[in-house]
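# Structure for this input, please:
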Amino acid sequence: MAGLSTIGSISFGIDLVAGKKRVPRPAAGITALNTLDPIVITPYADHMEEKSQTRRVLRNLRKLAPEGDGRAGSHLLEELENVQFGHVNVIASYDSYGSEPSTQSLNSTLLSRGIRILLPKLLGDNSLEWIDSKSGENLGLAGISAAHVVVVPALSVDASGMRIGQGGGSYDRALKLNSGWKVCLLHDGEIFEGDLPQEIHDQKVNAVITPTKIIRFT
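Next comes the predicted model:
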């Protein structure tokens, strides 16, 4: 992608303290919350608790990000204009909220170009149905299978393409039904250094896009 670096510094580190792991700390250039206490996890701590605590720290860091920043979405539009994505006519996206990288301009621009946009509807069991954003048609759980590209929300992504979201496993289950290109939009400073805690059902993405870089994993 013109003007974007494919290599950048990874933004979070792992501190090893007296045989214990503290996760995560912000890298240079990232301001930490003064009220954020260090989180220490022993080697024997429950894996789910580790993931929960990591998510909690990442949520606090996300709160520091500006609202309405659509630059990552704009770079995704540039990427979709490449010859590689000439066949794309169905994209599964989502309506961003709060300090998430904004998808508002991304979604409206795609619709204006004749791209069919599918948006998720969360069910009581944390499954996702997919709704055609223009017609309102409910395509059910399997609707995501029609998407050539899936824009996946995330709090962070590590160097292997493993993502961590808000919890509940909704997207991990949905992504199993899709064979398309999966991409996360993140702010600069939200790419995780090292390995995110993961479970066997967790799904990786193919790329991550920030306001200044694109990183492809597969």
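
# Output the below-cut-off pLDDT ranges for this structure.
Within the chain, the stretches with pLDDT under 70 are 1-47, 83-84.

# Let's see that with 80 instead.
Low-confidence segments of the chain (pLDDT under 80): 1-48, 82-86, 218.

# Show me what counts as buried in the biggest helix by length in it.
Taking DSSP state H as the criterion, the chain has its longest helix at helix 47-62. Neighbour-count burial for helix 47-62 flags 50-51, 53-55, 57-58, 61-62 (criterion: 16 or more other CB atoms under 10 Å). No exception for glycine: its C-beta is placed from N, CA and C like everyone else's.

# For Gly169, state which of these is nearest.
The nearest member of the buried residues of helix 47-62 to Gly169, counting by CB to CB, is Lys51 at 11.2 Å.

# Next, the contact list for the closest one, please.
Shown in contact with Lys51 (CB atoms under 8 Å, 6 or more residues apart in numbering): 164, 197-199.

# Please tell me how far it sits from Asp132.
For Lys51, the distance to Asp132 (CB to CB, to the nearest Å) stands at 33 Å.

# Take the contacts of Lys51 and write them to CSV, including distance to Lys213.
Listed next are these as CSV, based on distance: CB to CB, whole Å:
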residue, distance to Lys213
Ile164, 19
Pro197, 24
Gln198, 23
Glu199, 28
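
# Among those, which one sits closest to Ser102?
Ranked by distance to Ser102 (CB to CB), the contacts of Lys51 are led by Ile164 at 20.2 Å.

# so who does that closest one touch?
Ile164 neighbours (CB under 8 Å, 6+ apart): 51, 54-55, 58, 154-157, 192, 196-197.

# And for Gly114?
By CB under 8 Å, 6+ apart, the contact list for Gly114 reads Asn89.

# how close does it get to Ile91?
11 Å.

# Can you name the residues that contact the residue nearest in space to the middle of the chain?
Geometric centre of the chain, nearest residue: Ala154, 2.7 Å, by CA atoms, centre = their mean. Listed by CB under 8 Å, 6+ apart, the contact partners of Ala154 are 163-165, 184, 186, 205, 208.
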